[in-house]
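Participant: no sequence for this one, just the structure:
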């Protein structure tokens, strides 16, 4: 299994970053690609990465847990209106979920089911949080990033 690209991102435009721009961490090449896009896009006014915590009910542990969304981005739309959006970067397979009736119920399948249930709970809490603040919530996969073959 290949190792995921991780590291520290150093922005070219640190004034656009809301938070500690010396400690921006990416946990995948997809997150890094999105950071580069935010940093270099003139329409993006401010952005932050994993700076906000949202409480949610974890269906696996049956406890309250904190969820740190990947990004919060403030940008100017084509019509000139400024928008705020919470963005979560995830592989497409985690967004669509595991098969309901697989041929074999392996440990990998069970883990994928738990990850899917946990992500659904996080995203439900994030949508509610964003709705209360007049923001959008969006899940971005490798397909939206243009990284599919």
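Facilitator: Structure received. The shown structure was predicted, so the numbers you read here are calculated from the model rather than taken from an experiment.

Participant: average pLDDT for the top strand by length along the chain?
Facilitator: The residue-count maximum for a strand in the chain (DSSP state E) belongs to strand 82-89. Mean pLDDT, computed over strand 82-89, is 96.

Participant: Next secondary structure after that strand?
Facilitator: Note on strand 82-89: by DSSP states H and E, the next helix or strand toward the C-terminus is helix 92-96.

Participant: Show residues contacting that next one.
Facilitator: 112, 115, 116, 119, 139, 141, 142, 143 (CB atoms under 8 Å, 6 or more residues apart in numbering). Placement of C-beta: from N, CA and C, glycine included.

Participant: quick one on the thing from earlier: so which other helices or strands are in contact with the longest strand of the chain?
Facilitator: For strand 82-89, the packing partners by 3 or more CB pairs under 8 Å, 6 or more residues apart in numbering; DSSP states H and E come out as helix 29-40, strand 71-76, helix 107-132, strand 136-140.

Participant: can you tell which of these is closest to residue 64?
Facilitator: The closest of those to residue 64 is helix 107-132. By CB to CB, the value is 10.1 Å.

Participant: got the buried residues for the closest one?
Facilitator: Within helix 107-132, the residues scored as buried using 16 or more other CB atoms under 10 Å are 112-113, 115-116, 118-119, 121-123, 125-126, 129-130.

Participant: just checking, what packs against that helix?
Facilitator: strand 54-58, strand 63-67, strand 82-89, helix 92-96, strand 136-140.

Participant: relative to strand 63-67, how tilted is it?
Facilitator: 70 degrees (axes from the mean of the first three to the mean of the last three CA atoms, to 10 degrees).

Participant: Helix 107-132: how far from the chain's middle?
Facilitator: Averaging C-alpha positions (CA atoms, centre = their mean, to the nearest Å) puts helix 107-132 12 Å from its chain's average.

Participant: most distant residue from the middle of this protein?
Facilitator: Residue farthest from the centre of the chain, counting by CA atoms, centre = their mean, is residue 103 at 30.8 Å.
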